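Enquirer: Sequence and predicted structure, then a few things I'm wondering about:
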Amino acid sequence: MTFNRRALLGAGLAAAALPLMGAQAAAPFVGRGAPAWYRFRFGEYEATVISDGALPLGKAEDAFVGARPGEINAMMQSNFLDPANALLEQNALVLNTGRNLILFDTGMGDSMGADSQMFGPTTGRLLRNMRQAGIDPAQIDLVVLSHAHCDHCWALVDAQGNRNFPNAQVAVSETDLKYWTDEGNIRGPAFMGPFIRGATKNLNAYRDRMIMVQDGREVVPGVIAMSAPGHTVGHTIYAINSGPNVMVYTGDLAHHHVLLLRRPLLEFSFDTDPKQSAQTRARALDRFANERVALLSYHFPWPGLGRVAKEGEGYAWMPSPMDVTSLG
């Protein structure tokens, strides 16, 4: 069976000719979407994915480089995605272990004024969505950062520099902390200036309550840091364990569920070391596919839960948010 526009319009017209039963009054538009949070049980833990809003990158071929001419656009179009606007999600995680209430990454926030909207007005919604999910930011006792880029740490403080999580410690790799608070690193791409100034403002507000994460070590019971450098010098992902259950929070290991899975060795324009990032990604994806581990990806389609499977020379994203018991 094939479909075309004429046939579909014909079917629609035929349906419209049928008599309508019941109320004839037009219902008003609701004008708002569902609360942007998703809660589920993970082993003995309760997990809540909180959206910071969509992050539009613009032209896909400008952000993802190293492909043959036209290849990026073709990959986007074949997956019904707009090559003129590579749209990423921002899926932060709040994990309640019964002992700790942990936030993984903070989203963009509004701490840097106009720079906080460098990717447009759809970001910076984490705090609002967190409250809609019934979580008071003051309840967070640990913020775990994958790295110190704007969309991951700029909501540590508000526009006046006040802590948004007044009772929290902040866990981050020492290499990222040093790199992104050093004004001597303001060179190269234009984004480096605001990225470093923003990281400095947000991270320095918690200098008296920092935890330096170490590769292979527990940050708190049930959360193990795993070094994954390249996107930034100290980019870190986290294995979350509860009994036999394992889920990896992958941060920015891969930004796009099609482009960087089908072609893991493509480079991303915001990587500090694009080649190292690509190699790190390729090794991790191979391991995740072989071990069939559950993943939570910060930038993949909402709510970012799924697995990767081998497909040709790359991988396919298998969304699976219902692997766990939904509570939301």
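Expert: Now that the structure is in, tell me what you want to look at. Numbering: from 1, shown residues only.
Enquirer: low-confidence ranges in the chain?
Expert: 1-25, 32-35, 322-328 (pLDDT under 70).
Enquirer: the helices in it, which residues?
Expert: 5-16, 60-63, 71-78, 126-132, 150-153, 174-180, 192-204, 259-262, 274-291 (DSSP state H).
Enquirer: closest one to residue 48 among these?
Expert: helix 126-132 (8.3 Å; Cβ to Cβ). Every residue, glycine included, has its C-beta placed from N, CA and C.
Enquirer: and residue 110, how far is that from residue 307?
Expert: Distance from residue 110 to residue 307, counting by Cβ to Cβ, to the nearest Å: 34 Å.
Enquirer: With residue 125 instead?
Expert: Distance from residue 125 to residue 307, by Cβ to Cβ: 27 Å.
Enquirer: Those two: who's more crowded?
Expert: Comparing residue 125 with residue 307 by other Cβ atoms under 10 Å, the one with more neighbours is residue 125, at 21 against 18.
Enquirer: got the contact list for the nearest residue to that one once chain neighbours are set aside?
Expert: Nearest residue to residue 125, sequence neighbours excluded (Cβ to Cβ, 6 or more residues apart in numbering): residue 53, at 4.2 Å. Contacts here follow Cβ atoms under 8 Å, 6 or more residues apart in numbering; on that basis residue 53 touches 36, 90, 107-108, 122-125.
Enquirer: Please pick the buried ones from those.
Expert: 36, 90, 107-108, 123-125 (16 or more other Cβ atoms under 10 Å).
Enquirer: Make TSV out of the contacts of residue 53 and add distance to residue 268.
Expert: Output for the contacts of residue 53, formatted as TSV (distance: Cβ to Cβ, whole Å):
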residue	distance to residue 268
36	25
90	16
107	19
108	18
122	20
123	18
124	22
125	23
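Enquirer: which of the residues you listed lies closest to residue 188?
Expert: Nearest to residue 188 among these, with distances taken as Cβ to Cβ, is residue 108, at 21.6 Å.
Enquirer: and the gap between the closest residue to that closest one other than its chain neighbours and residue 161?
Expert: In this structure, residue 108 finds its nearest non-sequential neighbour in residue 123, 4.0 Å apart by Cβ to Cβ, 6+ apart. Going from residue 123 to residue 161 by Cβ to Cβ gives 19 Å.
Enquirer: Report the distance from stretch 112-119 to the chain centre.
Expert: Mean-position distance between stretch 112-119 and its chain equals 18 Å (Cα atoms, centre = their mean, to the nearest Å).
Enquirer: So for that stretch, what gets flagged as buried?
Expert: 112, 115-116, 118-119.
Enquirer: how about the strands in the stretch 151-300 of the chain?
Expert: 169-173, 210-213, 218-220, 223-227, 236-242, 245-249, 267-268, 294-296 (DSSP state E, counting those that start in this stretch).
Enquirer: Switch the ones you listed over to a markdown table; also include mean neighbour count and distance to residue 74.
Expert: Listed next are the strands of the stretch 151-300 of the chain as a markdown table, based on neighbours: other Cβ atoms under 10 Å; distance: least, Cβ to Cβ, whole Å:
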| stretch | mean neighbour count | distance to residue 74 |
| --- | --- | --- |
| strand 169-173 | 23 | 37 |
| strand 210-213 | 17 | 39 |
| strand 218-220 | 17 | 41 |
| strand 223-227 | 20 | 33 |
| strand 236-242 | 21 | 30 |
| strand 245-249 | 20 | 30 |
| strand 267-268 | 20 | 18 |
| strand 294-296 | 22 | 26 |
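Enquirer: hang on, the earlier thing: mind listing what the residue nearest to residue 108 touches?
Expert: 52-55, 90, 107-108, 116-117, 151.
Enquirer: repeat that with 6 Å
Expert: Contacts for residue 123 were tallied using Cβ atoms under 6 Å, 6 or more residues apart in numbering; they are 52-53, 55, 108.
Enquirer: What of residue 319?
Expert: Contacts of residue 319 by Cβ under 6 Å, 6+ apart are residue 306.
Enquirer: Give me the distance between it and residue 296.
Expert: From residue 319 across to residue 296, the span is 11 Å (Cβ to Cβ).
Enquirer: Same question for residue 97.
Expert: 15 Å.
Enquirer: before we move on, what about residue 36?
Expert: Taken as Cβ to Cβ, the span from residue 36 to residue 296 is 15 Å.
Enquirer: How about exporting stretch 108-126 as CSV, limited to the C-alpha atoms?
Expert: Extracted C-alpha coordinates of stretch 108-126, given in CSV (Å, rounded to 0.1, in the frame of the first residue of the first chain):
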residue,chain,number,x,y,z
MET,A,108,22.2,26.7,31.3
GLY,A,109,20.6,28.9,34.0
ASP,A,110,20.6,32.7,33.9
SER,A,111,23.8,33.5,35.7
MET,A,112,25.5,35.1,32.7
GLY,A,113,22.9,37.5,31.5
ALA,A,114,22.6,37.7,27.7
ASP,A,115,25.3,35.0,27.3
SER,A,116,22.9,32.6,29.1
GLN,A,117,20.8,32.8,25.9
MET,A,118,23.6,32.2,23.4
PHE,A,119,21.7,29.1,22.2
GLY,A,120,18.3,30.9,22.3
PRO,A,121,15.4,31.4,24.8
THR,A,122,14.5,27.7,25.2
THR,A,123,17.2,26.8,27.7
GLY,A,124,17.5,27.6,31.4
ARG,A,125,14.4,25.8,32.6
LEU,A,126,15.8,23.3,35.1
